[in-house]
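Chemist: quick one: sequence and predicted model below, then my questions.
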There are 2 protein chains.
Amino acid sequence: MVNEQEFLAGYDPRAYPAVAVTVDVVALTIRDNELQVLLIQRAAPPFAGFWALPGGFVRPEEDLGAAARREFAEETGLGGEPLRRVHFEQLASYGTPDRDPRMRIFSIAYLAFAPDLPEPTAGSDAGAAEWLPLTAMPTRELAFDHRQIIEDGLERARSKLEYTPLATRFVGEEFTIADLRAVYETVWGHPLHAGNFHRKVLSVPGLVEGTGATTEHGGPRGGPRARLYRAGDARLLHPALLRPAREENVR
Amino acid sequence: MVNEQEFLAGYDPRAYPAVAVTVDVVALTIRDNELQVLLIQRAAPPFAGFWALPGGFVRPEEDLGAAARREFAEETGLGGEPLRRVHFEQLASYGTPDRDPRMRIFSIAYLAFAPDLPEPTAGSDAGAAEWLPLTAMPTRELAFDHRQIIEDGLERARSKLEYTPLATRFVGEEFTIADLRAVYETVWGHPLHAGNFHRKVLSVPGLVEGTGATTEHGGPRGGPRARLYRAGDARLLHPALLRPAREENVR
DNA sequence: CAGGGTTATTCTCAGCTTGAGTTATTCTTA
DNA sequence: TAAGAATAACTCAAGCTGAGAATAACCCTG
């Protein structure tokens, strides 16, 4: 942090070219059985027409997390209780000198997880906003270093599913084990053994707790009614729900 | 990130009170069988006389990671190959509005891991620098939010030991399984079963590779010569070396 | 309304990993 | 030379995992 010697020795930041600090939000939700990320189309240069993460300058007196929530709320129109149910966490910071051509901008990225959200309201101001399926990301033109930020967020999400109850943030208040399995399959991108998943979820203490109720009907294509569960009180999963190790990820 | 509408609509940061961005480094090493963190004593207000993490302003044109390495190198006097062997990673960012009484300062904290380092050189400038055993941290007066940053760094270190080969960064180029076990015991703060640890370390692919050599002598208090190992090429440990779950950490 | 296809939930079972304890062996120190 | 200490290897029971299969409930079509 501020090292007084340097402060007095000419490293006073007020003598530096101005810098700015923004937050960017990687908001993930599951819609139509796909993992999707919230993007805004930029109206003006630089990167006019490109898509970018929702975000903006951190205001004076505003905390980092508060700025992330504000930006998210502005773009989604979400507020009140639904907004409170969205999980936010700090992802990482990005500050390569030329990441924004206008000036030196440091961006602190946040990750937001929410259950199936409505189409974005595109803010009051302007610019198209949309949920982009991550499978479509490779063909989309993204502004700044936002592709990297999204990839970092994705990897964080995948790994947090393993050892935290994060998956319960992608489903509603009450959910079935199959709902939860769909989250894992969607985020990890491959199918899981239904029986083993079921056993595992129920065996991890505090991950879910039964409500006693079941769904009104069976699935759309048949099957019995499923029991309903609520998120439990665990903050960490022990033992964890591990992804099968893939050699290419390990070395 | 920069949302052009807002940029034009009066959220130009150049109209804001100036902000500054610093990096702070939580440098951890193991000395005298204790986990220690590098601290600098502040000479001038605010927090004169308090201890702080090494750090300072990010220079124009300087990347975040480069700034962290520079600050670390300045305080430890380390350079060249020894510096290259130090592992750096971004920890988190801190930006509560009043964390520094002088102005709005955002700090991006880095974590550095290094094997047994010499006494710090206290920089060319001034101010005492020292390695503080973490067991002594509770009684030390720390500046700013640095206590929180150190705690976050510690938790990160503990957890990265589980699923990455990070422990090999705390030992020299060649080491014995017992050396590695000492790292885990020191960072996690409790003893491990020697036999099981040995079996586990050798069974995780890519964690260590034998050199064929052994130590010159047995341990200082007896015992046979131990085989020497080098760090392997794994980036992730599969299966992981998990800490025993503690109930209080889980709920 | 019967039959086929689907899905939730429960079992089985072999293979693997884990925790705890033991043993053989090699070295240092007294 | 004897005692103590540490490495490395082994044993064994308990628990967890992946894979497959059985059971039962439910939807849809014909």
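Modeler: Sure, I can see it.
Chemist: pull out the buried residues from stretch A:194-208.
Modeler: A:197, A:200, A:201, A:204, A:206, A:207, A:208 (16 or more other Cβ atoms under 10 Å in any protein chain shown). All C-beta atoms are positioned from the backbone trio N, CA, C, and that covers glycine.
Chemist: so which of those are also by DNA strand D?
Modeler: Of the residues in the buried residues of stretch A:194-208, proximity to DNA strand D by Cβ under 7 Å from any atom of the strand holds for residue A:200.
Chemist: which of the buried residues of stretch A:194-208 sit farthest apart?
Modeler: Largest separation among the buried residues of stretch A:194-208 by Cβ to Cβ: A:197 and A:206, giving 17.0 Å.
Chemist: residues from chain A in reach of DNA strand C?
Modeler: A:176-178, A:194-196, A:198-199, A:202, A:214, A:218-219, A:221-227.
Chemist: neighbours around the nearest residue to residue A:104 once chain neighbours are set aside, how many?
Modeler: Nearest residue to residue A:104, sequence neighbours excluded (Cβ to Cβ, 6 or more residues apart in numbering or on different chains): residue A:19, at 4.4 Å. When neighbours are defined as other Cβ atoms under 10 Å in any protein chain shown, residue A:19 has 20 of them.
Chemist: mind listing what residue A:19 touches?
Modeler: A:13, A:103, A:104, A:105, A:106, B:19, B:20, B:21, B:58 (Cβ atoms under 8 Å, 6 or more residues apart in numbering or on different chains).
Chemist: of these, closest to DNA strand D?
Modeler: residue A:106 (40.2 Å; Cβ to the nearest atom of the strand).
Chemist: per-residue confidence at the residue nearest to the closest one when sequence neighbours are not counted?
Modeler: Distances taken as Cβ to Cβ, 6+ apart place residue A:95 nearest to residue A:106, at 4.2 Å, with adjacent residues excluded. For residue A:95, the pLDDT comes out at 98.
Chemist: burial measure for residue A:95, as a count.
Modeler: 26.
Chemist: for residue A:24, helix, strand, or coil?
Modeler: strand (DSSP: H, G, I helix; E, B strand; the rest coil).
Chemist: tell me how far residue A:244 lies from residue B:66.
Modeler: Residue A:244 sits 37 Å away from residue B:66, taking Cβ to Cβ, to the nearest Å as the criterion.
Chemist: so for the two, which residue has more residues nearby?
Modeler: Counted by other Cβ under 10 Å, residue A:244 and residue B:66 do not tie: residue B:66 has more neighbours, with 15 against 8.
Chemist: so that one sits in a helix?
Modeler: Yes. Counting by three-state DSSP, residue B:66 is located in a helix.
Chemist: how about the strands in the stretch 151-251 of chain A?
Modeler: Using DSSP state E, counting those that start in this stretch, the strands of the stretch 151-251 of chain A run over A:208-214, A:227-231.
Chemist: is chain B contacted by the last one?
Modeler: No. Under the criterion of Cβ under 8 Å from any Cβ of the partner chain, strand A:227-231 makes no contact with chain B; the nearest approach is 12.7 Å.
Chemist: flag every buried residue along that strand.
Modeler: Buried, per 16+ other Cβ under 10 Å, within strand A:227-231: A:228, A:229, A:231.
Chemist: what are the bridge partners for the second one, then?
Modeler: With DSSP bridges applied, the residues forming beta bridges to residue A:229 are residue A:175, residue A:210.
Chemist: look up how far chain B lies from it.
Modeler: As judged by Cβ to the nearest Cβ, to the nearest Å, residue A:229 and chain B stand 17 Å apart.
Chemist: which residue is the nearest non-sequential neighbour of residue A:132?
Modeler: That would be residue A:39: by Cβ to Cβ, 6+ apart, it lies 5.1 Å from residue A:132.
Chemist: so the one you found: helix, strand or coil?
Modeler: Per three-state DSSP, residue A:39 ends up strand.
Chemist: what is the nearest residue to residue A:225 once chain neighbours are set aside paired to in the beta sheet?
Modeler: Spatial nearest neighbour of residue A:225, excluding adjacent residues (Cβ to Cβ, 6+ apart): residue A:214 at 4.2 Å. Legend: beta-bridge partners of residue A:214 under DSSP bridges are residue A:227.
Chemist: now for residue A:214, how many residues are close by?
Modeler: By other Cβ under 10 Å, 14 other residues sit near residue A:214.
Chemist: go on, residue A:217?
Modeler: So residue A:217, with other Cβ under 10 Å, has 10 neighbours.
Chemist: do the same with residue A:138
Modeler: 8.
Chemist: that one - that's part of a helix, no?
Modeler: Yes. Under three-state DSSP, residue A:138 falls within a helix.
Chemist: hey, C-alpha coordinates of stretch A:96-103 in CSV?
Modeler: C-alpha atoms of stretch A:96-103 as CSV (Å, rounded to 0.1, in the frame of the first residue of the first chain):
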residue,chain,number,x,y,z
THR,A,96,-2.8,-3.7,-18.5
PRO,A,97,-1.8,-0.2,-19.5
ASP,A,98,-3.3,-0.2,-23.0
ARG,A,99,-6.5,-2.2,-22.3
ASP,A,100,-8.5,1.0,-22.9
PRO,A,101,-7.2,3.3,-25.6
ARG,A,102,-8.6,6.4,-23.9
MET,A,103,-6.7,6.4,-20.6
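Chemist: are it and chain B in contact anywhere?
Modeler: Yes. Using Cβ under 8 Å from any Cβ, stretch A:96-103 comes into contact with chain B via A:96, A:97, A:100, A:102, A:103.
Chemist: the last one: what's it in contact with?
Modeler: With contacts defined as Cβ under 8 Å, 6+ apart, the neighbours of residue A:103 are A:17, A:18, A:19, A:20, B:13.
Chemist: contact partners for residue A:31?
Modeler: So residue A:31 contacts A:116, A:117, A:131, A:133 (Cβ under 8 Å, 6+ apart).
Chemist: tell me the pLDDT at the nearest residue to residue A:128 once chain neighbours are set aside?
Modeler: Closest residue in space to residue A:128, ignoring its immediate chain neighbours: residue A:41 at 4.3 Å, by Cβ to Cβ, 6+ apart. Looking at residue A:41, its pLDDT is 94.
Chemist: so how far is DNA strand D from residue A:41?
Modeler: 38 Å (Cβ to the nearest atom of the strand, to the nearest Å).
Chemist: burial count for that residue?
Modeler: 18.
Chemist: list the beta-bridge partners for it.
Modeler: Under the criterion used (DSSP bridges), residue A:41 bridges to residue A:51.
Chemist: same check on residue A:34?
Modeler: Counting by DSSP bridges, residue A:34 is bridged to residue A:31.
Chemist: tell me how far it lies from residue B:109.
Modeler: 35 Å.
Chemist: so which of these two has more stuff around it?
Modeler: When residue A:34 and residue B:109 are compared on other Cβ under 10 Å, the one with more neighbours turns out to be residue B:109, at 27 against 14.
Chemist: check which helices and strands whatever helix or strand the more buried one lives in sits against.
Modeler: Using DSSP states H and E, residue B:109 sits in strand B:104-114. Packing partners of strand B:104-114 (3 or more Cβ pairs under 8 Å, 6 or more residues apart in numbering or on different chains; DSSP states H and E): strand A:104-114, strand B:19-31, helix B:64-76, strand B:87-94, helix B:146-163.
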